[in-house]
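Novice: build me a structure from this.
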Amino acid sequence: MPKKGEIIIDERLCKGCALCVMFCSKKCISMGKIGPGGIPIAHFSDPEACTGCGVCGWMCPDMAIEVYEYVARRPL
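Specialist: Predicted structure coming up:
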């Protein structure tokens, strides 16, 4: 079963650098949503493709991204 992931982007911390967009191999994040101050901020645009690899969170210089990876349990 493929891994499933989810990210949460804190819009108050995102400064719109787009590093998360550049390094997401699954293209799950896009820019364009306008945040505080009128700048484009990151948006989790394709949740179905996310594997929870964590690269976006590592690349974010402001720690605005929390990453969660969900792995299916095997039956007992």
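
Novice: helices and strands of this protein: which one bottoms out on pLDDT?
Specialist: Ranked by mean pLDDT, DSSP states H and E, the helix or strand of the chain with the weakest confidence is strand 29-34, at a mean of 89.

Novice: neighbouring strands for that strand, and are they parallel or not?
Specialist: Paired with strand 29-34 in the same sheet, following DSSP bridges, are strand 40-44 (antiparallel).

Novice: I65: neighbouring residues, count only.
Specialist: 23 (other CB atoms under 10 Å). For glycine as for every other residue, the C-beta is placed from the backbone atoms N, C-alpha and C.

Novice: ok, now the one 3 residues further on?
Specialist: Other residues near Y68 number 13, with proximity taken as other CB under 10 Å.

Novice: which residues does it contact?
Specialist: Counting by CB atoms under 8 Å, 6 or more residues apart in numbering, Y68 touches G5, E6, I7, I8, G52.

Novice: could you check how far the second one is from L76?
Specialist: In other words, E6. As judged by CB to CB, to the nearest Å, E6 and L76 stand 25 Å apart.

Novice: one more: the first one?
Specialist: For G5, the distance to L76 (CB to CB) stands at 25 Å.

Novice: what do you get for C24?
Specialist: To L76, C24 is 35 Å away according to CB to CB.

Novice: of the two, who's got more company?
Specialist: C24 (22 against 3).

Novice: show me where the protein has helices.
Specialist: In the chain, the helices defined using DSSP state H lie at 19-23, 55-59.

Novice: buried sites along the first one?
Specialist: If you call a residue buried by 16 or more other CB atoms under 10 Å, then helix 19-23 has these buried ones: L19, C20, V21.
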